[in-house]
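Student: Just a sequence and a predicted model for now, questions to come.
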Amino acid sequence: MAKELSKVLLEQYPGYPWAVHVDGRPTVMMAYVENWMVAPKGYGMRVKLSELTGPDEIRRAMTKYGGELLERFSMNRGKVNLAALHDRAKEVWN
């Protein structure tokens, strides 16, 4: 499932390196969305998959939360600007 969720993010925000982890335990059903070039490791969005009713709602949620993560760090929604990503990554990792 993480691969499918990553695909949604890559389609909506091409060029950004997304990391998606899914905890599929029935009591959890949570996706964790991170982008280590934009935000420090461990900082990301949590998407409670069990509250979403189907593929379209999951797609909308992934698009929303991925975009929010980019905007929180002043990155463009849409295709990546490599120069801006490079500058942001230097801030994150220095």
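Tutor: Okay, I see it.
Student: Name the nearest residue to Gln12, ignoring sequence neighbours.
Tutor: Among residues not flanking Gln12 along the chain, Thr63 sits closest, at 4.9 Å (CB to CB, 6 or more residues apart in numbering). No exception for glycine: its C-beta is placed from N, CA and C like everyone else's.
Student: what about Tyr32, which SS state?
Tutor: Each residue gets one of three states, and Tyr32 gets strand by DSSP: H, G, I helix; E, B strand; the rest coil.
Student: any idea how far it is from Val38?
Tutor: Using CB to CB, to the nearest Å, Tyr32 is found at 15 Å from Val38.
Student: still on that earlier bit, tell me the secondary structure of the residue nearest to Gln12, please.
Tutor: Under three-state DSSP, Thr63 comes out as helix.
Student: Show me which of Tyr32 and Val38 is the more surrounded one.
Tutor: For Tyr32 versus Val38, the count of surrounding residues by other CB atoms under 10 Å is larger for Val38: 24 against 16.
Student: mind checking how far the helix-or-strand element of the chain with minimal mean pLDDT is from the chain centre?
Tutor: Every helix and strand of the chain was ranked by mean pLDDT, DSSP states H and E. The lowest is helix 82-93, at a mean of 91. Counting by CA atoms, centre = their mean, to the nearest Å, helix 82-93 is centred 17 Å from the centre of its parent chain.
Student: Show me what that helix is packed against.
Tutor: Helices and strands touching helix 82-93, by 3 or more CB pairs under 8 Å, 6 or more residues apart in numbering; DSSP states H and E: there are none.
Student: buried stuff in it?
Tutor: If you call a residue buried by 16 or more other CB atoms under 10 Å, then helix 82-93 has these buried ones: 85, 88.
Student: right, and Tyr65 touches Glu34 too?
Tutor: No. Between Tyr65 and Glu34 there is no contact under CB atoms under 8 Å: 10.8 Å.
Student: anything in contact with each of the two?
Tutor: When contacts are counted by CB atoms under 8 Å, 6 or more residues apart in numbering, Tyr65 and Glu34 are jointly contacted by Met45.
Student: For the residue nearest to Gln12, list the residues it contacts.
Tutor: Neighbouring residues of Thr63 by CB under 8 Å, 6+ apart: 8-9, 12.
Student: which residues of the protein fall in strands?
Tutor: If DSSP state E is used as the criterion, the strands of the chain fall at 19-23, 30-34, 44-48.
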